[in-house]
Structure formats: C-alpha cells, structure tokens
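Engineer: Fold the following, please.
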Amino acid sequence: MSLQIRVKHQFASFDLDVDIQTEGGVTALFGVSGSGKSTLVNAIAGLLKPDEGLIQVNGQTLFDSNSGVNLAVHQRQVGYIFQDSRLFPHMSVKNNLRYSRWFGGRKSSRQQFKHLLELLNIGHLLERMPSGLSGGERQRVAIGRACLSDPAFLLADEPLAALDIERKQEILPYFERLRDELGLPIVYVSHSIDEVVRLANSVAMLEQGRCVAQGLIDQVLADIRLANTQTKPAGALWMAKVLTHHDDGVTEVTVGQQRLFLPSMQSLQQDSIRLKINAEDVLLSASPVDDTSALNCITGVVTSILPMAGGRALVVLDTAAGQLNATITNRSVNRLQIEAGQTIYALLKSVAIVST
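Structural biologist: Just a heads-up that it's a prediction; the model follows:
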C-alpha cells in the first residue's frame with residue numbers, strides 16, 4: 001500500500017512531527033512504547049485530528065489541513081484491530097461479525113463470508129460468546145470483524161501485545177494469510193522487531209515522535225545510522241531460497257551467491273523464507289575458520305566502521321548475500337586491525353539465524 005503521512009500535533013508533554021512515505025503490502029510503524037505509534041495510527045483512523053498536515057492512503061486523501069479535508073471515521077473505510085479485541089460482550093461471535101457487515105454497509109456473499117471463517121478458523125466459534133473464548137480466539141474474531149466492514153485497508157494497533165508468546169505464534173500466521181490471500185493493505189503497529197520482520201514489506205521507525213528511518217524493511221534493518229538509537233540494534237534481513245533438507249537435521253538455503261546452513265525447516269511448506277541476523281550474533285575473524293561449531297563462514301569486505309556507545313563498534317560488510325553488520329568491541333577492532341577495504345570472515349551460528 002502507498003502511505004503518505006506528514007503531520008504535526010502538539011500535546012502537553014509530547015510533540016508528534018513526522019513525514020512518512022512508504023510502499024508495500026504491509027507497512028509497519030515500529031518503535032518503543034511512547035514513540036508515537038498509536039497516536040499516529042489514531043490520526044490515520046480519524047480518531048485524532050492533527051494540528052496540521054496531510055494523510056493519504058493508496059492515493060485517497062483522508063486529511064489535509066490546507067484544503068480542509070477531514071473525512072469522518074466511517075468515511076475512511078478502515079478496519080481497526082485494537083490491542084484488546086473489543087468484541088461486544090452481549091453478542092455471540094456470529095452477531096459480532098454480522099454487526100460489522102451491517103456497519104460497513106456490505107452485503108458480502110455467503111461464499112466470501114465462509115472463506116473468511118475458514119481463513120481465520122473461527123467457523124466453529126459462531127455460537128460462542130466472547131467471554132467463553134481464549135485470548136487468541138477473541139483476537140481472530142476481532143480480525144474477522146475488521147475484515148467484514150468492507151475496509152480499503154486495515155489498521156492493527158499492536159494486536160498481539162496483550163497475548164502470551166504461545167498465543168502470538170498462533171495469531172501471526174493469520175495475519176500472513178490476510179496479507180497473502182486477501183491482499184488487504186495493512187498498517188501494522190508494533191514494538192516487536194520479530195513481528196515486523198515476519199509481516200512487513202515497508203517500515204517506518206519512530207522515536208520520540210519523530211521518524212528516524214523508513215523504507216523497505218531489509219534496507220531499514222541494515223541502516224547503520226540506527227546503531228546507536230534506542231529503537232533497535234542494527235541487523236540484516238535476507239530473503240533466502242530453500243535448497244534441500246539434509247538427513248542430519250540441517251536445512252540448506254541460498255542467499256544470492258551465498259549458501260547457508262540452518263536448523264531443520266522441513267516442516268515449512270514454502271520455498272522462500274526471510275532470515276533475520278542480529279549484529280550481536282556475528283563473529284569476525286581475520287582468516288577463514290573451519291574448526292568451530294559455527295556452520296556458516298561468510299567472506300566479506302569491510303565497507304565502514306561505526307563507533308558505538310559502550311566501547312563497541314559496528315562493522316559493516318559487503319558479502320555475496322548482501323550487507324551484513326557485526327557489533328564487536330573496540331578492542332576486537334584493534335586486535336584484528338580491521339579497516340575499510342579489508343577482507344574478513346563472518347561466522348554465523350545456525351541457531352542464531354532466525355527464519356520467519
């Protein structure tokens with residue numbers, strides 16, 4: 001989805017001043033608590049009128065202070081998924097879903113309704129009351145209710161924040177299905193980098209009411225300017241193609257011209273996966289190393305060295321797989337005599353590479 005947000009809004013103790021333009025099926029608004037994510041998403045939904053600015057989603061102007069445009073909430077065709085499900089407690093699951101269809105003015109076919117029930121696996125819950133649902137079930141119904149309001153796009157405001165780890169892992173695949181099968185544009189708000197990496201195409205990173213980085217997710221995660229921010233440590237995100245599953249419990253993948261070995265992913269029914277590598281999990285060596293437990297040794301050329309707080313440095317490498325960042329101590333930089341243009345070897349433990 002195309003998202004253009006240029007807004008300013010002043011509160012008693014907080015100022016929001018952002019200029020965001022992203023492209024992608026799922027745009028993530030990412031940052032720590034208090035960075036302005038929920039304030040911004042409320043402005044997109046029409047629940048907050050900014051002091052000034054412009055908000056456009058997929059070319060449609062929702063708010064423009066210069067021309068006086070400020071569409072009402074019901075005119076914005078947005079499906080809103082909150083942190084808590086906010087289901088009507090006195091209505092069954094079926095009636096919660098029916099209410100959403102009525103509110104959106106949509107007369108969807110039985111086939112469309114059935115498809116959504118199957119997509120979210122909530123068909124067996126129709127006669128249940130919200131009080132009798134688990135947290136994961138309530139959130140799946142809430143997702144279905146948002147989708148049945150005939151939205152032009154979805155807003156998901158930290159929809160997994162109230163769930164435990166097990167329930168989060170239960171819900172994430174359903175957001176992937178919305179993205180891949182329904183093709184609904186989604187603005188996804190989160191302070192979890194793992195959720196963002198798994199779902200998003202584009203990301204805008206917020207800090208203290210400002211956008212500190214934006215763009216395609218692999219580019220933003222590799223942005224060395226963020227190494228010293230509180231938002232996240234610099235990392236790398238690679239798209240990998242699954243080659244084969246070996247009998248000893250290792251899956252072999254390729255990223256560009258680079259082959260990597262990961263813990264078995266034979267249960268995954270897909271040919272391509274995202275790999276997230278944290279800069280802290282990358283070890284560097286001045287020479288090739290074969291006699292370690294790390295299965296992956298990648299040759300790279302140092303492009304830059306960025307000083308960091310706490311006696312550390314971020315070493316940026318150009319490899320056959322793409323840019324790779326490593327956080328090491330200044331002592332290690334000096335001991336290995338690392339400098340720009342030097343060929344160096346990065347060691348990656350298989351278990352430290354997160355697949356999503």
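Engineer: what is the mean pLDDT for stretch 56-70?
Structural biologist: Along stretch 56-70, the predicted confidence averages to a pLDDT of 93.
Engineer: repeat for stretch 74-88
Structural biologist: The average pLDDT for stretch 74-88 rounds to 88.
Engineer: Can you dump the C-alpha atoms of that stretch in CSV for me?
Structural biologist: Only the C-alpha atoms of stretch 74-88 are listed here, as CSV (Å, rounded to 0.1, in the frame of the first residue of the first chain):
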residue,chain,number,x,y,z
HIS,A,74,-16.9,5.8,8.8
GLN,A,75,-15.9,7.5,5.5
ARG,A,76,-12.3,6.3,5.7
GLN,A,77,-13.1,2.6,5.0
VAL,A,78,-10.7,1.4,7.7
GLY,A,79,-10.9,-1.8,9.6
TYR,A,80,-9.4,-1.2,13.0
ILE,A,81,-7.9,-4.1,15.1
PHE,A,82,-7.1,-3.0,18.6
GLN,A,83,-4.7,-4.4,21.3
ASP,A,84,-7.8,-5.9,23.0
SER,A,85,-10.4,-7.4,20.9
ARG,A,86,-13.2,-5.0,21.9
LEU,A,87,-15.9,-7.5,20.9
PHE,A,88,-19.4,-6.7,22.0
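Engineer: Just the buried positions in that stretch, please.
Structural biologist: For stretch 74-88, the buried set under the neighbour-count rule, 16 or more other C-beta atoms under 10 Å, comprises Arg76, Gln77, Val78, Gly79, Tyr80, Ile81, Phe82, Gln83, Ser85, Leu87. In this view, the C-beta of every residue, glycine as well, is placed from N, C-alpha and C.
Engineer: okay, these in JSON lines with distance to Val220 and secondary structure next?
Structural biologist: Conversion of these to JSON lines gives the following (distance: C-beta to C-beta, whole Å; DSSP: H, G, I helix; E, B strand; the rest coil):
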{"residue": "Arg76", "distance to Val220": "27", "secondary structure": "coil"}
{"residue": "Gln77", "distance to Val220": "28", "secondary structure": "coil"}
{"residue": "Val78", "distance to Val220": "24", "secondary structure": "strand"}
{"residue": "Gly79", "distance to Val220": "26", "secondary structure": "strand"}
{"residue": "Tyr80", "distance to Val220": "25", "secondary structure": "strand"}
{"residue": "Ile81", "distance to Val220": "23", "secondary structure": "strand"}
{"residue": "Phe82", "distance to Val220": "26", "secondary structure": "coil"}
{"residue": "Gln83", "distance to Val220": "24", "secondary structure": "coil"}
{"residue": "Ser85", "distance to Val220": "30", "secondary structure": "coil"}
{"residue": "Leu87", "distance to Val220": "34", "secondary structure": "coil"}
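Engineer: Go through those and name the one nearest Thr27.
Structural biologist: The nearest member of the buried residues of stretch 74-88 to Thr27, counting by C-beta to C-beta, is Val78 at 13.5 Å.
Engineer: List the beta-bridge partners for that closest one.
Structural biologist: Beta bridges link Val78 to Phe153, judged by DSSP bridges.
Engineer: mind checking how far it is from Gln4?
Structural biologist: Spatial separation of Val78 from Gln4 under the definition C-beta to C-beta, to the nearest Å is 15 Å.
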